[in-house]
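Novice: the amino acid sequence is not available; the structure is as follows:
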């Protein structure tokens, strides 16, 4: 290749820096999210919807984009991005308004950043909007129309040492979640009762169906820990809000319940959630 | 062989084999293999250890055929950024092909080490049945298997010495897999099960440890309570490497003194880790062995000051310290004065997302350690602010740095005092630290820093870049410089087609290149793939736009993974990955 070592023209780069462009400074990179991508927020989107002011004043010497080819599809992308972002605002507004922790989210909600392993995110107890599920990307690819990605939260059950993970975004109602929880733990409960059935749940056991998780009638009750660390009974808030704020689930023995340890005082369920 | 060395050609192969056996590093053996055809043949036929940095760089059957006497293999799979969920989970890195080929061609295999590979239970089963003298299984950052697979290993590998599952994701399907170690198993030397999420039966573990009198490394998971740790330590006082289980319990003076004396009884303890869910009450129980420690790993331990500093300052012989930023600047100042032999420091963020109440860990801590620890050569540091001045000081203090990874948590953060980019600071690092092998940059950076890196980082092997640079020149500086670059990983930078195409031949001298959320187009990938048949150019597009074959040249590429290979395009790509 004859032109291998020919350096790019710096002057063009300088000129490009002074160009007026759409979007906030620093948004020259390909940050624009398409709904299919796993990103729920970008700092730009969060800034515009929350009035967040960046803590760090951004200097101007990095908005250059000398490659003209890139420019060609970058400008339309900016426009597209602004439109997308408005649409997203509308969609997300409901959720954002419900959450008092939007300002926390605005910090660095970028996929895979900072570069720490998933386990460390759990340790921090931080709002896990960049999902800890490694299946996030492939699932998103299969459902481009909506913003669905998985949200795996840990679920433990009283008396069972092994915890599980459940994708609460896979359900759209409390009833479905309750059924799923029942399925998840039935096998484990059976194995626990019969130690000889190690790892072979196929041996037909008397299946102990777990019912009444949501209305206090069963032997067990489903509770969750929200993003403020409070223990709540599952079923008290609208489903969407539950999905947004639930960080961990727990299946408690109903006899162990004490209202003082739970955030929700009333056991009244919201209808049709 | 010619001239004066003709006499050497008369030596039988066995003599050269014996000579080569003194070459311990892969690099030396590789060099010997290039001297002449004879040496090439003798060397590869007698090679006992093989390292495959990219599992797709060579076909497993070919590797097995070329090196028939291998006893120990290391195979690595997914790109490093898979650790941070940037690589689709079905991307690849499956171990089946390798295990099958090895089972066929290396029946005497003794050691197998996988990193970032997807290892199924079937693989583990095959391993357990195929190698009669199997001794070491190490699965680091792997997934795809469950405790059922581990049960097979435990049951069938009669001479198992080491089972290491560091940072792997393991499904819990078999409740008591540890019980599958037969009573006759006495060979275990190292057991690292810290990553397991489920409960491990401490009684069974205790019996296992009792009969393995050579056990040196034992890293427990969070489920093992403090009470049981006492019993384990009493049965294995010869331990050199301990990872505790849960490090808290109700206040109990008897338990404390039993723990204290059990730990004190482990006079050979050099490495300490674990401390899951730590409470403060029992920390002093480890004080007695602190002075003997050379490695302390508190990277998942949420202990705060002053207890944290109290613990670390007793470890006067520490070479390696992993800790959370709860140590704060003041703690690092104490480390700088107490741990004079420190060689490696890693500081992790305790709360990576919520900056509402940040810990007081700044550039000051790093500067203090760089000044006080003359043997410090490896640094990984997460913080929220940095200055060029601090980096210049670090560069001046520690020209012996070989690994410098700085992660300023907020992307594009400038020098907080001058508001300038951190170009000068990082340039100072690469110019001063002539032996730098690994570098990660962060903060606000222009193309200028890459000019310095390209020009000065002559021994740099791995470079990680995120949210940096102005344009194509940045990448061009790197690819046209950095003579020894092996791995380059880039995300969210405005680097496009030109530097890739201009430096295509450079890519064949490297192991791999990862670029995501940059400005590369499909057209450039096509050109590159056409020009460089010994590169696999993999494009990953997860947004379901349809088959890439139909897309135009200006279609933007989300994620790009390029690696050199003699195996041609791989056959196990998932839907979202296309080899161009």
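Specialist: Nice, I can see it. Computed from a predicted model, the values in this text were never measured in an experiment. Numbering: from 1, shown residues only, chains lettered A, B, ... in the order given.

Novice: just give me the neighbour total for the closest residue to chain A within the stretch 251-400 of chain B.
Specialist: Residue nearest to chain A within the stretch 251-400 of chain B: residue B:353 (4.0 Å; Cβ to the nearest Cβ). C-betas here are computed from N, CA, C, even on glycine. Per other Cβ atoms under 10 Å in any protein chain shown, the neighbour tally for residue B:353 reads 23.

Novice: checking my notes, it in a strand, right?
Specialist: No. According to DSSP: H, G, I helix; E, B strand; the rest coil, residue B:353 belongs to no strand; its state is coil.

Novice: what about residue B:228, distance to residue B:260?
Specialist: Residue B:228 is 16 Å from residue B:260, where distance means Cβ to Cβ, to the nearest Å.

Novice: remind me which residues of the stretch 151-273 of chain A are low pLDDT?
Specialist: A:162, A:187-188, A:190-209, A:258-273 (pLDDT under 70).

Novice: for it, what spans make up the strands?
Specialist: Ranges of strands in the stretch 151-273 of chain A, per DSSP state E, counting those that start in this stretch, are A:152-157, A:160-167, A:220-226, A:231-233, A:246-253.

Novice: please produce TSV containing those, extended by distance to residue B:62 and mean neighbour count.
Specialist: Formatted as TSV, these follow (distance: least, Cβ to Cβ, whole Å; neighbours: other Cβ atoms under 10 Å in any protein chain shown):
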stretch	distance to residue B:62	mean neighbour count
strand A:152-157	39	20
strand A:160-167	39	17
strand A:220-226	52	22
strand A:231-233	57	19
strand A:246-253	48	19
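
Novice: of all those, which lies closest to residue B:99?
Specialist: strand A:160-167 (27.5 Å; Cβ to Cβ).

Novice: you'd agree residue B:421 is up against residue B:441?
Specialist: No. The pair residue B:421 and residue B:441 fails to qualify as a contact (Cβ atoms under 8 Å) at a distance of 10.8 Å.

Novice: which neighbours do these two have in common?
Specialist: Common neighbours of residue B:421 and residue B:441, using Cβ atoms under 8 Å, 6 or more residues apart in numbering or on different chains, are residue B:449.

Novice: roughly how far apart are the residue of the stretch 251-400 of chain B closest to chain A and residue A:167?
Specialist: From residue B:353 to residue A:167 the distance is 21 Å (Cβ to Cβ).

Novice: and for residue B:393?
Specialist: 48 Å.

Novice: got it, and residue B:397?
Specialist: Separation of residue B:397 from residue A:167 (Cβ to Cβ) stands at 49 Å.

Novice: what strand or helix carries residue B:258?
Specialist: Using DSSP states H and E, residue B:258 falls within helix B:253-264.

Novice: can you point out the buried residues in that helix?
Specialist: B:255-256, B:258-260, B:262-264 (16 or more other Cβ atoms under 10 Å in any protein chain shown).

Novice: what about residue B:419, how many residues nearby?
Specialist: Neighbourhood size, residue B:419 [other Cβ under 10 Å]: 12.

Novice: residue B:246 against residue B:276, yeah?
Specialist: Yes. In this structure residue B:246 lies within contact range of residue B:276 using Cβ under 8 Å: 5.1 Å.

Novice: which residues are in contact with both of these two?
Specialist: Contact criterion Cβ under 8 Å, 6+ apart; residues shared by residue B:246 and residue B:276: residue B:222.

Novice: distance of residue B:531 relative to residue B:59?
Specialist: Taking Cβ to Cβ, one finds residue B:531 at 23 Å from residue B:59.

Novice: compare neighbour counts for those two and give me the winner.
Specialist: Legend: neighbour count by other Cβ under 10 Å for residue B:531 and residue B:59, higher for residue B:59 (17 against 12).

Novice: just checking, that one touches residue B:567?
Specialist: Yes. Here residue B:59 reaches residue B:567: they are 4.5 Å apart, a contact under Cβ under 8 Å.
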